[in-house]
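[1] sequence plus the predicted model coming up.
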Amino acid sequence: DIGEAKDIERYASRLDLPVAIIDKRRYADNAKPVARQLVGDVTGKTALIIDDEIASGGTLIEAAKFCLERGARVVKAAAVHGVFSGSALERIEASPIESVLVTDSLPLGEEIAALGDPVRLRPAKIEQLSVAALFARAIEATRAAIEQGVPGVLGVHIEGPFLSAERKGAHDSRKFRKLD
């Protein structure tokens, strides 16, 4: 949507891809969003709808239909968090969306887990990408920062006097150099 235009433009530029953005509005606090216009061209293209989370799937499905009505050949989706509340999975399966990629930051739902193997029972259109390695790197970096201090993690050595309570507010003359 329009609010994410700057972020999406950075990714699209790095990937050398065109961008199309759906302008959607909510006309009341509890109203569902209404797609008003599409900024960009999706004619004959695969539209990839990206969002932070998919809850009920309603907004995603409406955005997919909006893109298809404006000439998109295929619609795919990606989101960080697949909440999939209520009948979201069934709605997505019945929608014109070809595929949905989400991370495993949340399980696919208690209903699926309760039935047995979540991989075997995963709806055909839903694919999960593991974030375990990303979380592990973040934990390792945090631990290293605590053990070595931030300068050590960044590979920087600090020389010179440190700020003390007496020098609070005064500029110190720290020298930074890259560690080998």
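    Nice, thanks for sending it over.

[2] which element is residue 100 on?
    Assigned by DSSP states H and E, residue 100 belongs to strand 99-103.

[3] try residue 52
    strand 46-54.

[4] what average pLDDT does that strand get?
    Across strand 46-54, the average pLDDT comes to 94.

[5] residues in contact with the strand holding residue 100?
    Identification of contacts with strand 99-103 by Cβ atoms under 8 Å, 6 or more residues apart in numbering yields 54, 60, 76-82, 92, 125-131. (Glycine included, C-beta is placed from N, CA and C.)

[6] pull the distance from the one helix or strand residue 148 maps to to the chain's centre.
    The secondary structure element spanning residue 148 is helix 132-154 (assigned by DSSP H and E). How far helix 132-154 lies from its chain's middle: 22 Å, per Cα atoms, centre = their mean, to the nearest Å.

[7] from residue 37, how far off is the most centrally placed residue in the chain?
    Among the residues of the chain, residue 80 comes closest to the average C-alpha position under Cα atoms, centre = their mean, at 4.1 Å. Here residue 80 is placed at a distance of 26 Å from residue 37 (Cβ to Cβ, to the nearest Å).

[8] what comes up buried for stretch 30-38?
    35, 38 (16 or more other Cβ atoms under 10 Å).

[9] end to end, how far does that stretch reach?
    Length of stretch 30-38, first residue to last, Cα to Cα, to the nearest Å: 23 Å.

[10] quick one: average confidence on that stretch?
    On average, stretch 30-38 scores 81.

[11] chain center to it, what's the gap?
    21 Å.

[12] which ones are touching residue 32?
    26, 58, 59, 62.

[13] tell me the SS of it?
    coil (DSSP: H, G, I helix; E, B strand; the rest coil).

[14] so how far is residue 148 from it?
    49 Å.

[15] now stretch 85-94: buried residues?
    Buried residues in stretch 85-94 (16+ other Cβ under 10 Å): 88, 89, 91, 92.

[16] per-residue pLDDT of the nearest residue to the second one once chain neighbours are set aside, please?
    Meaning residue 89. Leaving aside its chain neighbours, residue 89 sits nearest to residue 123 (5.1 Å; criterion: Cβ to Cβ, 6 or more residues apart in numbering). Per-residue pLDDT puts residue 123 at 79.

[17] show me where this protein has strands.
    Per DSSP state E, the chain carries strands over the ranges 21-25, 34-39, 46-54, 74-82, 99-103, 126-129, 156-159, 175-178.
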